[in-house]
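> Provide a 3D model corresponding to the input given below.
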Amino acid sequence: MNTLRNALTKLLNALAGISFIAMVALTCWQVFTRYILQNPSSWSEELVSYLFAWASLLGASLVTSERGHMNIPIVVDRMPAGARKVFEVFGELIAFAFSLIILVYGGVQITQLAMGQTTSSLGVAVGVFYVVLPLCGVLNMIYTVLNIVDICKSTADTKKEEA
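Below is the predicted model:
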C-alpha cells in the first residue's frame, strides 16, 4: 500500500513542479511580449490560468494523501482513542463520497459538456482542461481508501500493544 501511495505522491509532486515551472516561464513570456515586444501573448495568459487550476486540484490530492483536509481537531482530540478512530474513518468516508459524487461524477458530466467548446486563444476543447476534475476525484478516492487502511492498521497496532 505504501508503494502505491509513494508512487502517486512522487508523480503528483513532479507534475506540480513541472506545472509551477511552466507557469513561471509562461508568465515571464507574457511580461516580455507585453512590455518589450508591445504585442501581448493572449494564449500564454489563458494557459497559465488552466495550469493554475490543474496545479490547485493536484495539490488538493496531495493534501488528501497527507490527511490534511479540513477537520475540527479540538472536538475529536478530546475523545477516547476508539471514538477518535471512528470519526477519522468517518471523515475519510465523507472525503471519498465528495470525491466520487462531485469530482468524478460531476467532473465527467462537465467535461463531456465542455468538449464542444473551444478556448478563445488556444483553440483547444475546454473539456480537455476539465479532465483534471475526475482525475483528481479518482486520486482522492485512492488516497482516502489508503488512509482508511492506515487508520485501521493503527487501531490494530494499538490493540496489539495494549495486549
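
> Ser42 and Ser56: what is the separation?
Going from Ser42 to Ser56 by C-beta to C-beta, to the nearest Å gives 22 Å. Heads up, the C-betas are built off the backbone N, CA and C, glycines and all.

> Repeat that for Asn2.
26 Å.

> between the two, which one's more packed in?
Taking neighbours as other C-beta atoms under 10 Å, Asn2 and Ser56 compare with Ser56 leading, 13 against 8.

> Just after the helix or strand encompassing that one, pick out the following helix or strand.
Assigned by DSSP states H and E, Ser56 belongs to helix 42-65. Once the chain leaves helix 42-65, the next helix or strand it forms, by DSSP H and E, is helix 73-76.

> Please enumerate residues in contact with the next helix-or-strand element following that following helix?
Next in sequence after helix 73-76, counting helices and strands by DSSP H and E, comes helix 81-98. Under the contact criterion C-beta atoms under 8 Å, 6 or more residues apart in numbering, helix 81-98 has outside partners 64, 67, 69, 71, 76-77, 79, 140-141, 144-145, 147-148, 151-152, 154-155, 158.

> The residue lying closest to Gln117 once chain neighbours are set aside: neighbouring residues, count only.
Nearest residue to Gln117, sequence neighbours excluded (C-beta to C-beta, 6 or more residues apart in numbering): Val126, at 4.5 Å. For Val126, the neighbour count with other C-beta under 10 Å is 18.

> Now Val126. Its backbone dihedrals?
phi -60, psi -30 (degrees, to the nearest 10).

> residues contacting it?
Val126 neighbours (C-beta under 8 Å, 6+ apart): Ala114, Met115, Gln117, Thr118, Thr119.

> What is the most widely separated pair among the residues you listed?
Greatest spacing in these, by C-beta to C-beta: Met115 and Thr119 (12.1 Å).

> Can you verify my assumption that Leu12 contacts Leu139?
Yes: in terms of C-beta atoms under 8 Å, Leu12 counts as a neighbour of Leu139; the distance is 7.4 Å.
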